[in-house]
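Visitor: Pasting a predicted model and its sequence here:
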Amino acid sequence: MSNTARVLALLVSAAMFVFSSWVYINTGDWVAAFFALASVAYAFFFFSFGGGFRGS
């Protein structure tokens, strides 16, 4: 995975976490809490198993 794709995936995961957390705080919906936790798992996956950041 290229550095650009990895950074984009991490940004999308962060945005998903922020939005899901906001929804959970405002509604108390357990599905939003699940998606917030899933976004952390996605970020962990992309950072850990994507091969790490490579120099250009």
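Guide: Cool, the structure landed.

Visitor: What separation do you get for the residue most central in space within the chain and Tyr42?
Guide: The residue lying closest to the centre of the chain (C-alpha atoms, centre = their mean) is Ser13, at 2.1 Å. For Ser13, the distance to Tyr42 equals 5 Å [C-beta to C-beta, to the nearest Å]. Any C-beta I mention is one placed from the backbone N, CA and C, and that applies to glycine too.

Visitor: Please, where are all the strands along this protein?
Guide: Ranges of strands in the chain, per DSSP state E: none exist.

Visitor: So, low pLDDT: which residues of it?
Guide: Along the chain, segments meeting pLDDT under 70 span 1, 49-56.

Visitor: Just give me the longest helix of this protein.
Guide: Ranked by residue count under DSSP state H, the longest helix found in the chain is helix 3-27.

Visitor: helices or strands up against that helix?
Guide: Applying 3 or more C-beta pairs under 8 Å, 6 or more residues apart in numbering; DSSP states H and E, one finds that helix 3-27 contacts helix 30-48.

Visitor: Tell me the buried residues in the helix it packs on?
Guide: 32, 35-36, 39, 42-43, 46 (16 or more other C-beta atoms under 10 Å).

Visitor: what is the orientation angle of the longest helix of the chain with helix 30-48?
Guide: Relative orientation of helix 3-27 and helix 30-48, computed by axes from the mean of the first three to the mean of the last three C-alpha atoms, to 10 degrees: 160 degrees.

Visitor: chain center to helix 3-27: distance?
Guide: Offset of helix 3-27 from its chain centre (C-alpha atoms, centre = their mean, to the nearest Å): 5 Å.

Visitor: what residues are up against the spatially closest residue to Tyr24 that is not a sequence neighbour?
Guide: Spatial nearest neighbour of Tyr24, excluding adjacent residues (C-beta to C-beta, 6 or more residues apart in numbering): Ala32 at 3.9 Å. Going by C-beta atoms under 8 Å, 6 or more residues apart in numbering, Ala32 touches 20-21, 23-24.

Visitor: Thanks again, I'm all set now.
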